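1. structure for this input, please:
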Amino acid sequence: MHKVIKFKNYRYKKRSTFIGNSRVYNGKTYDSTFEAQVAQDLDCQLEDGLISKWERQVKMDLSVYGSHICNYYVDFKVTYNDGSLEFIEVKGIEFGLWKFKWRLFEVLFNKEYPGVTLTVIK
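-> I've put the predicted structure just below:
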């Protein structure tokens, strides 16, 4: 996807900083082949009864002292049979903005939900 920027009556397309190979798995488009493979693995775990459910692209509100800072979309939210949660982020390249948001996500959710597991798959 390209963003069109207008500059002194000249139009050009700004290239994305991430050029991934999006893949379709089970009727849904994933940002990368790697992310689609993780989804396939989660489906296998679901069929085997190891997990109770999983969701993709879950929107998380990152707020500090009641003020909304930004939203963070975690790749996968996994609910295990015992009710415990795991948030999984699939990363090929770690950009600075992602590192900042992930660190903020870690701090806020470890305080609020101490039993939640946060995982980055590289």
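2. show me what the lengthiest helix in the chain is packed against.
-> In the chain, with assignment by DSSP state H, the single longest helix is helix 96-112. Using 3 or more Cβ pairs under 8 Å, 6 or more residues apart in numbering; DSSP states H and E as the contact criterion, the neighbours of helix 96-112 among helices and strands are strand 51-64, strand 67-80, strand 85-90, strand 117-121. Glycine gets a C-beta too; all of them are placed from N, C-alpha and C.
3. hey, which of those strands is tucked in deepest?
-> Counting by mean count of other Cβ atoms under 10 Å, strand 85-90 has the highest mean neighbour count of the helices and strands packed on helix 96-112, with a mean of 18.
4. so what's the gap between that strand and the chain middle?
-> 8 Å (Cα atoms, centre = their mean, to the nearest Å).
5. need the residues that contact it.
-> 32, 34-35, 38, 58, 74-80, 102, 105, 109, 113, 115-121 (Cβ atoms under 8 Å, 6 or more residues apart in numbering).
6. same thing but 6 Å
-> Judged by Cβ atoms under 6 Å, 6 or more residues apart in numbering, the contacts made with strand 85-90 from elsewhere in the structure are 34-35, 38, 74-79, 116-121.
7. since that was my last question, I'll sign off now.
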